[in-house]
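Quick one: sequence and predicted model below, then my questions.
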Amino acid sequence: MSLSNNMNYPLELSLTKSYEENRGNIYTSPHPSISLARKNGIEDFKKIGLPTTKLEKWRTTNLSDLYKKEFTIGDNKPVFNKEINEIFHCNVHGFNTNVFALLNGWYYSPEEEQIQELDNGIIVGSINAAQKKYPELIDKYFNSLAKTDGNGLNAANAALFTDGFFIHVPDNVVSEKAIQLIKMVNRENNTMINTRNLIVLGKNSKLSFLHCDDSINQQPGFLTTNTEIFLHENASLDLYKLQNLNNNTTLVNSSCVQQKSGSDLKINVLTFNGGVIRNEFIVDLIGENANADISGMYLMDDNQHVDNQIKVIHSAPNCTSSELFKGVLDDNASGVFNGYIYVARDAQKTLAFQRNANILMKSTASIDTMPFLEIYADDVKCSHGATVGQLDNDALFYLMQRGISESNAKLLLMYAFVTEVTNKITIQPLQDSIDDMVKKRLRGDLSICEKCVLHCSTPDIPVEFEIDMSKI
Amino acid sequence: MKEEKENENILEEVTSSEYKYGFVTDIETETAPMGLTEDTVKFISKKKNEPEWLLEYRLKAYRYWLTIEEPDWALLNHPPINYQDIIYYAAPKQKEVKESLDEVDPELLDTFNKLGISLDEQKMLTGVAVDAVIDSVSVKTTFQDTLAKHGIIFCSFSEAVQNHPELVKKYLGTVVPHTDNFFAALNSAVFSDGSFCYIPKGVRCPIELSTYFRINAANTGQFERTLLVADEGSYVSYLEGCTAPQRDENQLHAAIVEIITFDDAEVKYSTVQNWYPGDKNGVGGIYNFVTKRGLCKGKNSKISWTQVETGSAITWKYPSCTLLGDNSIGEFYSVAVTNNMQQADTGTKMIHIGKNTKSTIISKGISAGKSNNSYRGLVRVSKKADNARNFSQCDSLLLGDKCGAHTFPYIKNNNRSSVVEHEATTSKISEDQLFYCQQRGIDTEKSIGLIVNGYAKEVLNKLPMEFAVEAQKLLAITLEGSVG
């Protein structure tokens, strides 16, 4: 792999320039080890540059047009002048969450609430504030999982992140209420925003975390997020990622997870809209009897592009993992799935499954799917499958024969196709509202919301297909 | 405990089993000076008395080769290959062209007898026409007369260049261009011989055609080239086998196989690859970097690859099909076995371009010892390939806890009316199956043989009879008793 790069793209130059100019203000970190990480990040970035299709991992996602554009990089901290509730409303019926927000790359709260300890001992807040208040936690966890790994965007993120979200759940704390993070962008020009999150779950703790990526206006933007997640012994995390961005926005997510023994991870990535969305997850199972269950759904149309790179590393024996991704691609949309199961030499008794299924609605849509297995232990059961096809003609005929219009029959079948993923959502009100969103999205009614994605759901008036059930 | 020990003994026995084709034949050879320069290319071309256009083709390939780098994307580990440390041309010294087997160097005949492909015996008993390539030069082609009666051309590549230059010129490099990849460029520059086959319109080749490749001389690389053209409505079944002597240094083998099928033609290409795999510590063995590709040019044409890969220290091989003609069919059946320190990165590419094209991929990987066995395959459905259909199944079996089995499928689909399915599993021999066999009085060693053979049956069944027997024996030798 050749990593030589001559910094050819305007974005590469403006990224390095931005670091030089702003390292005294928005890129300062109170914690010395983070300052060092920033410095290393920019050095790495200068060496490797932005990822191009020459890299194996980036062959299927081409961002070179984006790199040629002029971006305003980073942004000053917005002044807190409106309550979060005034900016967005979350009306999921029966779903009670603690809501937090990031606006334009900064934690959005009154100054005194930049980091707070909730009643049950959970610490939530800005990653910058955490550096000051909890340096020992930052020392222990920050930057210990995230790697540059030949990926220039990760290196740039390490150097140029402005702020991010921090959660620490102490040992034995089971959070009743889910934590919801709304990430919003509201800028008038081409802005690149880099954020950095850290989530730590102590022993025997439990948390549901809902992470919403939303854009507010139709302005083009480029967002990168690096997230590090630590699950200690027997911890359990349900992570939902909702992605509903405008078609001019590019989002590159990179998450590294470390799981100790007995821990349980559920990730659900729900991609509804977005110009280019790339989700990378690297989950390392380092303790025995850990389980990782990663699923995702994408409904793309127009010229949208979605790329899911999911790597599960079985470093310890007796762990289980599953990857299930399903998608419907319409118009000129393109999709990429690269699942990767790595079973280390001594990780015996591993059970790992991987499946990707796609439906192409038009011949202009395309899908690249790469379900990989790399296995070095013999007493394992691993399987993977991938399919690409169209809707089942027999099923379509069956429905139409019973008086359901072709368009409705197609909707019904597509809906049935993705429910395998949405049914994995364990919080019932959330599942209901996501279900509604899927229906709306398939009918083309769901454009990006001005506020939280969940706002568009009104479970009291469920969206139904125009189907007369008595005819079936 | 006792059983475990027994198993260990069996494993020991098997892994230490000698490579039975590891002899060297003392034949006088004529070689080119070591290393690769434009002069080497010219030397080979001159030796073969080649026309100007072919030399030009070689030089073009050589100049292109200089500009590119060896690929490193495969899951293979080997010290860098020094391309100046190889003899690019080694030919058994021949005094004159021979008319019958009696005139062939007896040492050479002996070699083939040891290989179990006694040329004359085969001629009598099995009715397989054989073209034998030793080091880099084709030494004998049998059954010329029978084939000539049907208008079939089956000869060494150099003969084809002399006798049928128009055919060679027309088809050479049309399926695998010299710019295809690093090893294809190298082969295009220095290929020394190989087989050429042309089946005329409407002819169903009555006998199976076979090429045997053998590297004999030390420090040489073998770069042969096979070109197979099946004209409209024709059919041929083609077999290929390979062996090499046991040596401590690694030897390079970089071959090209090109197949073209026209309307309604069918080619069945079977390989049993048994190059010297190196010893159990990974010393020596052949580096096998091969480019094989078939072009289904005509409507309703079909190309079927079947391979049994048991040899070579390193295998880098992706027999592929470009399905250009409407309704054309591509098939790939593979059993790849690796033991000791062997590494294999093998698979296929199915490129669907024509309408209603179909492809099937069945790959069975078996790894034992400290070996690594990867399947790497691409299925691409282009925008115009309406109703294309692919089914892939890639299973891996792990024998022992020090080996690796990997699967890297790539699926690129651009057509909504197509259906592409990929399935894969990785597991070890099930204890239940083993117990079931043993319970019926079959010992461990035989049980494993039985299970592995059953596991690979789907592919072995696709082999022509003579090869199927050989392949099953090879499987038994490589794997007997290596219980996980």
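Thanks, I have it.

mind checking which helix or strand the spatially most central residue of chain B is in?
Per Cα atoms, centre = their mean, the C-alpha nearest to the average position across chain B is that of B:T271, at 5.0 Å. Using DSSP states H and E, B:T271 falls within strand B:266-273.

after that strand comes which helix or strand?
Following strand B:266-273 in sequence, per DSSP H and E, is strand B:285-296.

hey, C-alpha coordinates of that following strand in PDB?
Output in PDB follows, covering the C-alpha atoms of strand B:285-296 (Å, rounded to 0.1, in the frame of the first residue of the first chain):
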ATOM      1  CA  GLY B 285       8.500 -25.000  -3.200                       C
ATOM      2  CA  ILE B 286       7.000 -23.400  -6.300                       C
ATOM      3  CA  TYR B 287       5.600 -19.800  -6.300                       C
ATOM      4  CA  ASN B 288       2.600 -20.300  -8.500                       C
ATOM      5  CA  PHE B 289       1.400 -17.000 -10.000                       C
ATOM      6  CA  VAL B 290      -1.000 -17.800 -12.700                       C
ATOM      7  CA  THR B 291      -3.500 -15.800 -14.800                       C
ATOM      8  CA  LYS B 292      -6.300 -17.900 -16.300                       C
ATOM      9  CA  ARG B 293      -9.200 -16.400 -18.100                       C
ATOM     10  CA  GLY B 294     -11.900 -17.500 -20.400                       C
ATOM     11  CA  LEU B 295     -13.900 -15.300 -22.700                       C
ATOM     12  CA  CYS B 296     -17.400 -16.500 -23.600                       C
END
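
So which elements touch that strand?
helix B:182-190, strand B:250-253, strand B:256-261, strand B:266-273, strand B:302-309, strand B:314-317, strand B:320-323, strand B:329-338 (3 or more Cβ pairs under 8 Å, 6 or more residues apart in numbering or on different chains; DSSP states H and E). C-betas here are computed from N, CA, C, even on glycine.

thinking again about what came up before, how far away is the residue nearest to the centre of chain B from B:Q222?
15 Å (Cβ to Cβ, to the nearest Å).

same check, this time on A:I48
For A:I48 relative to B:Q222 (Cβ to Cβ), the value is 39 Å.

same question, B:H178
Counting by Cβ to Cβ, the gap from B:H178 to B:Q222 is 18 Å.

Settle it for me: which of these two has more neighbours?
Set side by side, B:H178 and B:Q222 show more neighbours around B:Q222, with 32 against 22, by other Cβ atoms under 10 Å in any protein chain shown.

For that one, name its beta-bridge partners.
Using DSSP bridges, the bridge partners assigned to B:Q222 are B:H253.

That one contacts B:F213, correct?
Yes - using Cβ atoms under 8 Å, B:Q222 makes contact with B:F213 at a distance of 6.8 Å.

Give me the residues contacting the strand holding B:T271.
The contact list for strand B:266-273 (Cβ atoms under 8 Å, 6 or more residues apart in numbering or on different chains) reads B:228, B:230, B:234-242, B:257, B:259, B:261, B:288, B:292, B:294, B:301-312, B:315, B:317, B:319, B:462-464, B:467, B:470-471, B:474.

average pLDDT for that strand?
For strand B:266-273, mean pLDDT rounds to 90.

and what of stretch B:184-202?
For stretch B:184-202, the mean pLDDT works out to 90.

Can I get that stretch in CSV, CA atoms only?
C-alpha atoms of stretch B:184-202 as CSV (Å, rounded to 0.1, in the frame of the first residue of the first chain):
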residue,chain,number,x,y,z
ALA,B,184,0.8,-11.5,-17.0
ALA,B,185,3.1,-8.8,-18.3
LEU,B,186,6.1,-10.9,-17.2
ASN,B,187,4.8,-14.0,-18.9
SER,B,188,3.9,-12.0,-22.1
ALA,B,189,7.5,-10.9,-22.2
VAL,B,190,9.3,-14.2,-21.6
PHE,B,191,6.9,-17.1,-22.2
SER,B,192,8.8,-19.8,-23.8
ASP,B,193,6.3,-22.4,-24.8
GLY,B,194,3.0,-23.9,-24.0
SER,B,195,0.0,-25.4,-25.8
PHE,B,196,-2.1,-24.2,-28.5
CYS,B,197,-5.5,-25.6,-29.4
TYR,B,198,-8.1,-24.8,-32.0
ILE,B,199,-11.3,-26.7,-32.4
PRO,B,200,-13.0,-25.9,-35.7
LYS,B,201,-16.7,-25.1,-36.1
GLY,B,202,-19.1,-27.8,-35.1
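
Make sure B:E258 is actually in contact with B:T226.
Yes - between B:E258 and B:T226 there is a contact at 7.0 Å, judged by Cβ under 8 Å.

Starting from the helix or strand bottoming out on mean pLDDT in chain A, tell me the next helix or strand along the chain.
Least confident helix or strand, chain A: helix A:84-87 with a mean of 63, by mean pLDDT, DSSP states H and E. Downstream of helix A:84-87, the first helix or strand assigned by DSSP H and E is strand A:97-103.

What residues sit buried inside that next one?
Neighbour counts over strand A:97-103 (16 or more other Cβ atoms under 10 Å in any protein chain shown) mark A:97, A:99-103 as buried.

possible to save these as JSON lines with distance to A:G152?
As requested, the buried residues of strand A:97-103 are exported to JSON lines (distance: Cβ to Cβ, whole Å):
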{"residue": "A:T97", "distance to A:G152": "35"}
{"residue": "A:V99", "distance to A:G152": "33"}
{"residue": "A:F100", "distance to A:G152": "30"}
{"residue": "A:A101", "distance to A:G152": "29"}
{"residue": "A:L102", "distance to A:G152": "23"}
{"residue": "A:L103", "distance to A:G152": "26"}
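
between those, which is closest to B:K428?
Ranked by distance to B:K428 (Cβ to Cβ), these are led by A:T97 at 45.7 Å.

before we move on, the earlier item: how close does the residue nearest to the centre of chain B sit to chain A?
Going from B:T271 to chain A by Cβ to the nearest Cβ, to the nearest Å gives 25 Å.
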